[in-house]
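>>> Need a 3D model of the sequence below.
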Amino acid sequence: MKEGIMDKKALILLMVVVLGLGIFGCAGEKAMVKPAPNQILPVKVAVDTVERLNAIPAKPPFQNTDVIVLRLNFKLTNPNNVLAKVDDLYFETKVDDGTKEKMIVLAGSMPGMLIPAGGEATWSYTDPLLYGGLFGQIITRGLGGEAGMKGAAQKREEIWQNLGADTMKFFIDGNITSSLPDFPNLGTTYNQFKMEFAVPKL
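Coordinates of the predicted model:
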């Protein structure tokens, strides 16, 4: 008889403990819920590393099919305490051709990407810079001067030799649009970024 009473007491005690743990667990989960943001902070962009993937001749004659292949590794940081989405990222890479605007040699864009709360993500962009592709832009921008086509050809060789010698500096102009998927009422944020880098030696 006593054993039966003891078993019932033990069972009741066990149920109380389990119920208490359940309540405590729910309270803990509620405590871990992050407060809703009242504003959206823009995702930050930085060039993490730049890689040069091939060598080119440092002296002419150059061929129209000669290329330098670069890989740009971007680091994206989410300063928000909730999940963020990069809706769009676009950038242009320019070299100093002696003009204020500089010459665009690479351009790229990234589709959407999710970044965890307070987290980071990387995005890599690889593209070839073609020797033959520089000529049209040099001509249309009047960089040949009075020498015309001959001057443009000389300007292209000058730029390409500097690239081959790893002495050319690059300038990045870009913009990024981001949002918070779980809080669409906060809209989107648009941010511009500028960076500089030199081609790393192989």
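>>> From the chain's centroid, how far away is the helix or strand hosting Lys94?
Per DSSP states H and E: Lys94 is located in strand 84-95. For strand 84-95, the separation from the chain centroid amounts to 7 Å (computed by Cα atoms, centre = their mean, to the nearest Å).
>>> where do the helices sit along this structure?
2-32, 134-140, 149-164 (DSSP state H).
>>> Output the shortest one as CSV - backbone C-alpha positions only.
In other words, helix 134-140. Extracted C-alpha coordinates of helix 134-140, given in CSV (Å, rounded to 0.1, in the frame of the first residue of the first chain):
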residue,chain,number,x,y,z
LEU,A,134,40.5,49.0,-74.0
PHE,A,135,41.0,50.6,-77.5
GLY,A,136,37.3,51.6,-78.1
GLN,A,137,37.0,53.4,-74.8
ILE,A,138,40.3,55.2,-75.3
ILE,A,139,39.2,56.4,-78.8
THR,A,140,35.7,57.5,-77.7
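>>> can I assume Leu53 is in contact with Val69?
Yes - using Cβ atoms under 8 Å, Leu53 is in contact with Val69, at 4.2 Å. Just so you know, the C-beta spots here come from the backbone N, C-alpha and C atoms, and that holds for glycine as well.
>>> Overlap of the contact sets of these two?
Taking Cβ atoms under 8 Å, 6 or more residues apart in numbering as the criterion, Leu53 and Val69 both touch Thr126.
>>> who does the residue nearest the centre of the chain bridge with?
Of all residues in the chain, the one closest to the mean position by Cα atoms, centre = their mean is Phe74, 3.6 Å from it. Using DSSP bridges, the beta-bridge partners of Phe74 come out as Val47, Trp123.
>>> quick one, what contacts it?
Each residue near Phe74 by Cβ under 8 Å, 6+ apart is listed here: Val45, Ala46, Val47, Asp48, Leu89, Met110, Thr122, Trp123, Ser124, Tyr125.
>>> What count of nearby residues applies to the fifth one?
Right, the one you point to is Leu89. By other Cβ atoms under 10 Å, the residues close to Leu89 number 24.
>>> residues in contact with it?
Neighbours of Leu89 in contact, by Cβ under 8 Å, 6+ apart: Val45, Phe74, Leu76, Ser109, Met110, Trp123, Gly174, Asn175, Ile176, Thr177.
>>> for the residue nearest to Ala198 when sequence neighbours are not counted, what are its contacts?
Distances taken as Cβ to Cβ, 6 or more residues apart in numbering place Lys169 nearest to Ala198, at 5.3 Å, with adjacent residues excluded. By Cβ under 8 Å, 6+ apart, Lys169 lies in contact with Val95, Asp96, Glu196, Phe197, Ala198.
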